[in-house]
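# I'll drop the sequence and a predicted model, then ask my questions.
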Amino acid sequence: MELAHANRIAIRALRSVLEAAHPFRVSIGGVDVDVMPRVEDVAWPPGPHELDESVDKPWPKAVSLQCSWPGGFVEMEARAVFWRAKGPYQGRIGLKIATLPLNREIMWSFVTPRILASEPGRSVAIPVSLALFAREGERDTKRLLGSLIEQTRALGLEPLTRTQFRLFDIQPSDGSIRPLPKEAFENVVTASLAKLPYVVRGEESGVQGKLFVDVERLRPSPIPAVPEPPGAEPPAIAPSPALEPTAVETQSAAAAETSAQDNVFFDEIYLTNFAGYRSFSWADIAPINLIIGANDTGKSHLLKVLYAVARSVQELTARIESDRPTWPEVLAEKLLWTFQPPSGKLGDLVRRPLEGPLKVNVTLCNEQYAFTLPETAGRSPRDFTSVTEEIRPQPGLRALFIPPKEVLTSLDAIAAVREQLKRFGFDDTYYDLVVALRGEPIQGDLPESFERVQKKLEALFAGRIETDHGRFLFKREADRFEMPQVAEGIKKIGIFTRLIQNGSLRRNSILFIDEPETNLHPRAARALVDMLHELSLAGVQIYAATHSYFMLKQFEILARRKSAPVRLCSLSRGADGIAAQFFDLRDGMPPNGIIDEALGLYDEDVALTMEG
């Protein structure tokens, strides 16, 4: 079956489910929850999706779900979502339920991939996955999952596997569904409500009052087994829900149920007339991405524009329940304070000589973010000639930038310039890092992968960075050192350990590093490369700009040894502006200026030796 045809079937099925929205009541954990839906039209998503709006319209409606129970309330939204991000699901359609206004995803189920994988003449089961991700400091996720499985069984949803339950079936021949759309709609909402307390535990989620299931009350003791009646046949899906699920089920979502909000990273980047870039596109992006080039080839500018976009979305999400800004308002401020143009006007970012406006278009968090700035732009959000208006919060996204200069020694001065004087000086890559470093360490255990990285980094210098009454100190056994007394390399590594300790650097973070090799001994630099690789495996996307042959070579060795995808973006400046070439370091080291200089130095050394 072709993708376009499978998408048409998915649209038809989801349209019938969502447009069957109706009020109903469901009892969860002995608490009655009333559901009041409101159906809204939705515009067709940007492609490419090989569909024709004039033939396949309308796009399935979105349903706002106002859910209330004694002492509590939450608003959720159910909608059909087009998957833009690269990978095996690109161009496919799924069903998403998330809380409003924070867009905290509660349920995600792919529809098109299941239709494509169906056998001729057989219906396709669309499930809900109950897999839970462990929170920072949480060690009892398995127990919570056992409780969720038991509760979902009690609601009458049919189990398909240990952690997947049937919502409805689709008949691929005509897109009809079974059971009837009204019952299918109730299954979707009921499953989402069942997951809600477990998914939003310990997070800001938009829930008002107390939840109908007290997840914290479930933590102290394990979930008891449910006895089988005498003589009963064993269930089709052993083992029993009382048994603890595997770590794979709790640490990551089931492979068939990739979550939209687990894909927080950049997938495509397009720039036009930005700084030195006449045109730039990057579509083959990896967990680790290196940027090299001579001075004045736009490495820092590239890092900063990506950071400004990601960070503006993060800050919009953080402010959505307070002052409710628009994305253009947050973006204009973030671009201004990140680039600090000499005239104080964003029009300075437009490439000269003028050949048109600056355009940025990226795919981030499976959403499209785009804006256009003319050379006349000042600092107002009204100066964007076009900008993506409907921006959804992305609660999983975190963006961090590690600039070349360490900030621990000058932390108070950086904060004062930005917070009190509000003057240009230290740009927002420095200030945002200062804010992140101020966070106190997490009370409880770190996720295992991050704890492992932290211990390795602390072992480098047999000590750690800590705070004492707001001052940063380096402690090694009984000795305490103020920041001005501490070596630059220790402070560089200390920044990473502090960000891991306080949870600022965590799964679903995007980490930008400008010249990571600065002030590091080769032994520490090698350890940093290994750490960055482990962070990428733990769910951190990394962009690093470097001039160092040593760092570049170490990344190449790592990519070849571990078969780890490490992308290299090599920049050069020519008559038409900055040009880019892209390589995969698993294929070996490509020709580049850093290697040329290293080989030239070697040749010079050999020549001197031969002369002697």
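Sure, I can see it. Residues are numbered from 1 along each chain as shown.
# Thought residue 125 was touching residue 160, still the case?
Yes - using CB atoms under 8 Å, residue 160 is in contact with residue 125, at 6.0 Å. Glycine gets a C-beta too; all of them are placed from N, C-alpha and C.
# tell me, what's touching those two both at once?
residue 166 (CB atoms under 8 Å, 6 or more residues apart in numbering).
# ok, now how distant is residue 101 from residue 66?
Separation of residue 101 from residue 66 (CB to CB, to the nearest Å) stands at 13 Å.
# Now the common contact residues for the two.
The contact sets of residue 101 and residue 66 overlap at residue 75 (CB under 8 Å, 6+ apart).
# Buried residues of stretch 358-378, list them for me.
Residues 358-375, 377 are the ones in stretch 358-378 that count as buried (16 or more other CB atoms under 10 Å).
# domains for the protein, by residue range?
In terms of domains, the chain is parsed into 3-227+236-258, 265-397+508-611 (source: automatic domain parsing).
# Show the average pLDDT along the longest one.
Averaging the model's pLDDT scores along domain 3-227+236-258 yields 82.
# Give me the distance from it to the chain's centre.
In terms of CA atoms, centre = their mean, to the nearest Å, the centre of domain 3-227+236-258 is set 20 Å apart from its chain centre.
# okay, and for the stretch 251-400 of the chain, where does confidence drop off?
The model of the stretch 251-400 of the chain has pLDDT under 70 over residues 251-263.
# Strands along that one, start to end?
All strands of the stretch 251-400 of the chain, identified by DSSP state E, counting those that start in this stretch, fall at 266-274, 277-282, 288-293, 358-364, 367-373, 386-387, 398-402.
# Now the first one - C-alpha only, CSV.
This points to strand 266-274. Extracted in CSV, the C-alpha atoms of strand 266-274 (Å, rounded to 0.1, in the frame of the first residue of the first chain):
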residue,chain,number,x,y,z
PHE,A,266,16.2,19.8,15.2
ASP,A,267,15.6,17.8,12.1
GLU,A,268,15.9,20.4,9.3
ILE,A,269,17.5,23.8,9.1
TYR,A,270,17.2,26.4,6.4
LEU,A,271,18.8,29.9,6.4
THR,A,272,18.7,32.6,3.8
ASN,A,273,20.5,35.9,3.9
PHE,A,274,21.6,35.5,7.5
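# elements contacting it?
strand 277-282, helix 299-319, strand 358-364 (3 or more CB pairs under 8 Å, 6 or more residues apart in numbering; DSSP states H and E).
# possible to save those as TSV with distance to residue 606?
Listed next are these as TSV, based on distance: least, CB to CB, whole Å:
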stretch	distance to residue 606
strand 277-282	38
helix 299-319	31
strand 358-364	46
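# Tell me which of the ones you listed lies nearest to residue 574.
When those are compared by CB to CB, strand 277-282 sits nearest residue 574, at 9.8 Å.
# Pairing partners for the closest one, with directions?
Sheet pairing for strand 277-282, assigned by DSSP bridges, gives strand 266-274 (antiparallel).
# ok and the partner strand relative to helix 299-319, angle-wise?
If you take axes from the mean of the first three to the mean of the last three CA atoms, to 10 degrees, strand 266-274 sits at 120 degrees to helix 299-319.
# roughly how far is strand 266-274 from the heart of the chain?
With CA atoms, centre = their mean, you get 18 Å for strand 266-274.
# Okay, now stretch 437-448: how far is its last residue from its first?
One end of stretch 437-448 to the other measures 21 Å (CA to CA, to the nearest Å).
# what's next to it, contact-wise?
With CB under 8 Å, 6+ apart as the test, stretch 437-448 has contacts from 134, 136-139, 407-408, 411, 451, 454, 467, 472, 495, 498-504, 506-507, 538.
# How about the contacts made by residue 348?
339, 341-342.
# so which of the residues you listed comes closest to residue 557?
residue 339 (34.9 Å).
# right, and that closest one touches residue 349 too?
Yes - assessed by CB under 8 Å, residue 339 is found in contact with residue 349 at 6.1 Å.
# Give me the phi and psi for residue 142.
Dihedral pair for residue 142: phi -60, psi -40, per degrees, to the nearest 10.
# mind starting the numbering at 582 from now?
I'll keep to 582 as the first residue from here, and by that count the last item is residue 723.
# Same question for stretch 635-650: list its buried residues.
When burial is assessed from 16+ other CB under 10 Å, stretch 635-650 yields the following buried residues: 637, 640-646, 648-650.
# Those in strands, which ones?
643-646, 648-650 (DSSP state E).
# Let me have those residues in JSON lines, extended by distance to residue 732.
What follows is those, written out as JSON lines (distance: CB to CB, whole Å):
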{"residue": "643", "distance to residue 732": "27"}
{"residue": "644", "distance to residue 732": "23"}
{"residue": "645", "distance to residue 732": "25"}
{"residue": "646", "distance to residue 732": "19"}
{"residue": "648", "distance to residue 732": "16"}
{"residue": "649", "distance to residue 732": "19"}
{"residue": "650", "distance to residue 732": "15"}
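# Pick out the most distant pair among those.
Using CB to CB, these span at most 22.8 Å, a distance reached by 643 and 650.
# ok so, going back, ok, of the contacts of residue 929, which come out buried?
residue 920.
# just the contacts of residue 929 now: which is nearest residue 907?
Of all the contacts of residue 929, the one with the least separation from residue 907 (CB to CB) is residue 920, at 20.2 Å.
# can you pull the contacts of the residue nearest the centre of the chain?
By CA atoms, centre = their mean, the chain has its centre lying nearest to residue 845, at 2.4 Å. Counting by CB under 8 Å, 6+ apart, residue 845 touches 945-946, 975, 977-978, 1089, 1091, 1122.
# what about 7 Å?
Shown in contact with residue 845 (CB atoms under 7 Å, 6 or more residues apart in numbering): 946, 975, 977-978, 1089.
# ok, now residue 871?
Going by CB under 7 Å, 6+ apart, residue 871 touches 1125, 1127, 1133, 1136, 1147, 1149-1150.
# Can you tell me, leaving aside adjacent residues, what's nearest to it?
Once flanking residues are discounted, residue 871 sits nearest to residue 1149: 5.0 Å by CB to CB, 6 or more residues apart in numbering.
# Could you confirm that neighbour falls within a helix?
No - applying DSSP: H, G, I helix; E, B strand; the rest coil, one finds residue 1149 to be strand, outside a helix.
# Please tell me I have it right and it contacts residue 1168.
No - using CB atoms under 7 Å, residue 1149 makes no contact with residue 1168, being 9.8 Å away.
# more neighbours, these two?
A count of neighbours by other CB atoms under 10 Å puts residue 1149 above the other of residue 1149 and residue 1168, at 23 against 11.
# And the more buried one, how close does it get to residue 1084?
From residue 1149 to residue 1084 the distance is 31 Å (CB to CB).
# Same check on residue 1101?
24 Å.
# What residues does the closest residue to residue 590 other than its chain neighbours make contact with?
Nearest residue to residue 590, sequence neighbours excluded (CB to CB, 6+ apart): residue 756, at 4.5 Å. Residue 756 sits next to 590, 593-594 when contact means CB under 7 Å, 6+ apart.
# One more: residue 1033?
For residue 1033, the contact set (CB under 7 Å, 6+ apart) comprises residue 1115.
# Kindly list the main-chain dihedrals of residue 992?
phi -60, psi -50.
# per-residue pLDDT, it?
At residue 992, pLDDT is 86.
# how near is it to residue 1064?
8 Å.
# what is in contact with those two at once?
Shared contacts of residue 992 and residue 1064 (CB under 7 Å, 6+ apart): residue 1053.
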